[in-house]
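> Any chance you can model this:
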Amino acid sequence: MDPVTQVSGKAYPWGQKNVDTDVIIPAHWLKTITREGLGKGAFETVRADPANIFDDPRYAGSPILIAGDNFGCGSSREHAAWALGDMGIKAVIAPSFSDIFSGNAFKNGIVTVVLPQDAIDRLLEVAQDQPISVDLETMTVTTPFQDRFAFELDAFRRQCLMEGLDEVGLTLARDTQISKYEAGVATHRPWMSGERAYAGTSVESTGRT
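Residues are numbered from 1 along each chain as shown. Reported below is the predicted structural model:
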């Protein structure tokens, strides 16, 4: 996972409420075993309208999506976060998110920013023709017009996002401690490491039957 400290650029000023994961990525796209290419299926039903915002050249390649309340509700499919990531979206700003979607987004390096509706309304207005910036160091969303909206983010998630650490990365970062613990187990509790015979130690002397 790539580190994320700041996401800046154009934003999709969508603002739609109660967008479920089936809208983000329809079920028939879930047969894939790879994350690549899911961006093509993202918001497929919305894109059926030729005037949709996601195919509007003014917002092509935007790394930010501004949405409405309860974004990511519905099923728990992680493909929703995969699809957004494949589209190039690095941050979603909304008044609230589904807990499961928010967790999936975090695990895939996507920042979910919660702001009140009045801030969302202002950002929807600004994003029509101006860039927006999400900064994890200052925990603010800013605009070229000096708008500054503070947001909160779980400290652990913030650290992981800024350091680019997913679950695998977190485990590897503790490789020294894990190796030391496993070496101790092999020495003092060899039966836990799958050993059936212990050098210089009889089964009787271990007290095991």
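> Could you give the bridge partners of residue 112?
Per DSSP bridges, the residues bridged to residue 112 are residue 92.
> Next one: the closest residue to residue 32 other than its chain neighbours from residue 11, what distance?
In space, and not counting its chain neighbours, residue 32 is closest to residue 38: 6.8 Å by CB to CB, 6 or more residues apart in numbering. Bear in mind the C-beta positions are built from the backbone N, C-alpha and C, glycine included. Relative to residue 11, residue 38 is positioned 21 Å away (CB to CB, to the nearest Å).
> what's the pLDDT at residue 125?
As predicted, residue 125 sits at a pLDDT of 98.
> Let me know how buried it is, in neighbour terms.
By the criterion of other CB atoms under 10 Å, residue 125 has 14 neighbours.
> Run through the residues that contact it.
residue 13 (CB atoms under 8 Å, 6 or more residues apart in numbering).
> Likewise for the one 4 residues further on?
For residue 129, the contact set (CB under 8 Å, 6+ apart) comprises residue 58.
> does it count as helix, strand or coil?
Secondary structure, DSSP: H, G, I helix; E, B strand; the rest coil: residue 129 is coil.
> Looks to me like residue 134 is in a strand.
Yes: using three-state DSSP, the secondary structure at residue 134 is a strand.
> Which one of residue 38 and residue 11 is surrounded by more residues?
Higher neighbour count among residue 38 and residue 11: residue 11, with 29 against 22, using other CB under 10 Å.
> Surely the more buried one touches residue 58?
No: contact criterion CB atoms under 8 Å: residue 11 and residue 58 do not qualify, at 10.9 Å.
> and the strand or helix carrying residue 162, how far from the chain's centre?
Using DSSP states H and E, residue 162 falls within helix 155-163. How far helix 155-163 lies from its chain's middle: 11 Å, per CA atoms, centre = their mean, to the nearest Å.
> Domain-wise, how is this structure divided?
When the chain is parsed with automatic domain parsing, its domains come out as 6-165, 174-206.
> any idea which of the ones you listed is most buried?
The highest average neighbour count among the domains of the chain, using mean count of other CB atoms under 10 Å, belongs to domain 6-165 at a mean of 18.
> Quick one: distance of that one to the chain centre.
With CA atoms, centre = their mean, you get 10 Å for domain 6-165.
> Just the terminal-to-terminal distance for that domain.
16 Å (CA to CA, to the nearest Å).
> Kindly report the same for stretch 111-124.
By CA to CA, the extent of stretch 111-124 from end to end equals 18 Å.
> does the closest residue to residue 16 other than its chain neighbours sit in a helix, a strand or a coil?
Setting aside the residues directly before and after it, residue 16 is nearest to residue 68 in space (CB to CB, 6+ apart), at 5.1 Å. Three-state call for residue 68 (three-state DSSP): coil.
> I figured residue 68 hits residue 13, correct?
No: counting by CB under 8 Å, residue 68 stays clear of residue 13, with 11.1 Å between them.
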